[in-house]
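Enquirer: model this:
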Amino acid sequence: MNLQVGIGDALGTDYFFLREQLTERQLDYLIRTRQFVDGEVLPVINGYWERAEFPWPLVQKMAGLGIVGDGIEGYGCPPMDPLSAGLIHMELHRGDGSLGTFLAVQAGLAMQTIAMLGSEEQKLRWLPPMARLDAIGAFALTEPEHGSDSVALESVARPDGASYVLDGAKRWIGNGSIADVVVVWARDTTTGKVGGFLVEKGTPGYRARVIEGKASMRAVWQTEIDLDGVRVPAENRLPGANAFADCARVLAGTRGACAWMALGHAVAGFDAAMSYARRRTQFGKPLAGFQIVQQRLVRMLADVTAMQLYCMQIARLAEAGRLTSTLAGLAKMHNTSKARHVLAEARDLLGGNGILLDFHAIRHMADIESLHTFEGTETIQTLIVGRDITGISAFT
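Expert: This is a model prediction of the structure:
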């Protein structure tokens with residue numbers, strides 16, 4: 001019997017009939033992305049992941065799906081509400097965290113920054129080709145010495161005539177080595193305020209090196225970036241980015257997206273465990289016939305269902321303009337933590353086969369570690385929400 005049959009089919013996880021609430025357009029985005037994941041991603045992604053190779057052929061195929069835009073209105077972006085955008089993130093991460101992270105950086109960070117904080121000229125120039133994946137974007141905030149405290153970033157932008165000159169270093173920048181345009185966050189030396197600048201591919205002084213040796217999300221390239229006298233024209237400054245709070249507005253949306261991404265990983269783990277437990281026979285009967293296995297599967301399903309409810313509600317709040325950074329942070333904290341538990345259970349239920357890429361669980365288990373960390377660790381999200389509910393800051 002082929003124990004891999006059924007792995008990744010996304011079956012049996014809508015226990016509360018949430019799919020019945022989807023509109024026709026939302027369902028179309030779900031099905032379109034799911035078919036891409038099942039037909040194109042899952043058959044080949046293990047090889048890219050194992051070789052730490054960026055999956056350009058999959059990106060090229062994704063370009064024709066009309067799913068890149070993260071809810072941005074106009075500028076060639078496909079019309080989608082927050083729930084549709086979330087379903088896309090969920091399904092891509094059910095297939096692979098690397099490919100899903102590429103899209104999150106492209107649309108949720110780079111494109112959203114330009115859409116929210118850019119000039120009309122910047123939007124017209126960059127958003128249409130980025131929606132078609134003809135142009136790749138990156139978002140450079142984190143630095144070697146500033147991750148969770150990125151508000152203290154040290155990269156600087158010095159006005160010089162009709163230009164700004166950028167100096168500093170960035171780290172863990174997704175797409176940084178392949179991007180056509182990079183949103184670089186730096187501190188204006190004249191005001192001391194954090195601003196955003198568009199650095200175009202080929203600009204002298206911009207050097208990006210792919211970070212090697214990753215054991216998580218191996219098929220997407222994060223980079224270390226050196227900014228050495230990078231000169232950008234004044235018109236490449238984002239006019240709406242005048243303080244770190246403006247950057248934080250972008251990050252609030254991506255934290256909500258992280259909750260959807262974690263759900264995708266958890267669904268993949270639950271599917272792998274359920275499919276395997278039905279097919280794997282030990283002591284004369286399927287694993288699913290043992291009480292302790294059923295108990296573990298039910299608890300995994302309960303976690304997945306709770307994650308779904310979190311995601312549905314933050315999508316509703318986002319649609320109503322009520323999704324705050326604290327609400328998004330709580331959803332991100334809850335879902336990434338639950339996904340780690342679900343994936344650890346899945347890997348364990350698969351026994352020795354659980355460490356083989358063929359069964360997918362170990363890849364998702366490794367990838368969830370990146371998602372658990374980026375866009376704010378569990379500790380940081382806890383402190384943000386804790387400050388909100390108590391009125392007392394415990395950061396210091």
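Enquirer: all strands of this protein, in order?
Expert: Using DSSP state E, the strands of the chain run over 137-140, 156-160, 163-174, 181-188, 194-200, 206-210, 222-233, 281-282, 285-286.
Enquirer: Phe374 is nearest to which of these?
Expert: Nearest of the strands of the chain to Phe374, taken as C-beta to C-beta: strand 163-174 at 7.3 Å. All C-beta spots, glycine's among them, are computed from the backbone N, C-alpha and C.
Enquirer: are there helices or strands packed against that closest one, and which ones?
Expert: strand 137-140, strand 156-160, strand 181-188, strand 194-200, strand 222-233 (3 or more C-beta pairs under 8 Å, 6 or more residues apart in numbering; DSSP states H and E).
Enquirer: looking at these, which is buried most?
Expert: Neighbour counts (mean count of other C-beta atoms under 10 Å) averaged over each of these peak at strand 137-140, with a mean of 29.
Enquirer: let's see that strand as CSV, backbone CA atoms only.
Expert: C-alpha atoms of strand 137-140 as CSV (Å, rounded to 0.1, in the frame of the first residue of the first chain):
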residue,chain,number,x,y,z
GLY,A,137,10.0,43.3,-4.5
ALA,A,138,11.7,43.1,-1.1
PHE,A,139,11.3,44.8,2.3
ALA,A,140,14.5,45.6,4.2
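Enquirer: so what does it touch, helix or strand wise?
Expert: Going by 3+ C-beta pairs under 8 Å, 6+ apart, strand 137-140 lies up against strand 163-174, strand 181-188.
Enquirer: and this protein, what are its domains?
Expert: The record's domain parsing of the chain by automatic domain parsing lists 18-131, 137-242, 245-390.
Enquirer: starting at the chain centroid, how far to the last one?
Expert: It stands for domain 245-390. Centroid separation for domain 245-390 versus its chain: 13 Å, with C-alpha atoms, centre = their mean, to the nearest Å.
Enquirer: end to end, how far does it reach?
Expert: End-to-end distance for domain 245-390, by C-alpha to C-alpha, to the nearest Å: 21 Å.
Enquirer: hmm, back to that, CSV please, covering the domains of the chain and showing mean pLDDT.
Expert: Formatted as CSV, these follow (pLDDT from 0 to 100):
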stretch, mean pLDDT
domain 18-131, 96
domain 137-242, 95
domain 245-390, 94
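Enquirer: got the strands of the chain as CSV, with distance to Val298 columns?
Expert: Formatted as CSV, the strands of the chain follow (distance: least, C-beta to C-beta, whole Å):
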stretch, distance to Val298
strand 137-140, 39
strand 156-160, 54
strand 163-174, 36
strand 181-188, 44
strand 194-200, 47
strand 206-210, 42
strand 222-233, 37
strand 281-282, 19
strand 285-286, 16
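Enquirer: now do the contacts for Gly66.
Expert: Counting by C-beta atoms under 8 Å, 6 or more residues apart in numbering, Gly66 makes contact with Arg32, Pro78.
Enquirer: from Arg25, how far out is it?
Expert: Per C-beta to C-beta, to the nearest Å, Gly66 is found 12 Å from Arg25.
Enquirer: quick one on the thing from earlier: for Lys338, which of the helices and strands packed on strand 137-140 is the nearest?
Expert: Of all the helices and strands packed on strand 137-140, strand 163-174 comes closest under C-beta to C-beta, at 23.9 Å.
Enquirer: and the longest helix anywhere in the chain, which residues are buried?
Expert: If you go by DSSP state H, the chain has its longest helix at helix 244-279. For helix 244-279, the neighbour count (16 or more other C-beta atoms under 10 Å) marks 244, 246-247, 249-279 as buried.
Enquirer: and for stretch 288-296?
Expert: Ala288, Val293, Arg296.
Enquirer: residues in contact with the second one?
Expert: Contacts for Val293 were tallied using C-beta under 8 Å, 6+ apart; they are Ala277, Leu287, Leu349.
Enquirer: just curious, which of those residues is nearest to Phe102?
Expert: The shortest approach to Phe102 among those belongs to Leu349, at 29.6 Å (C-beta to C-beta).
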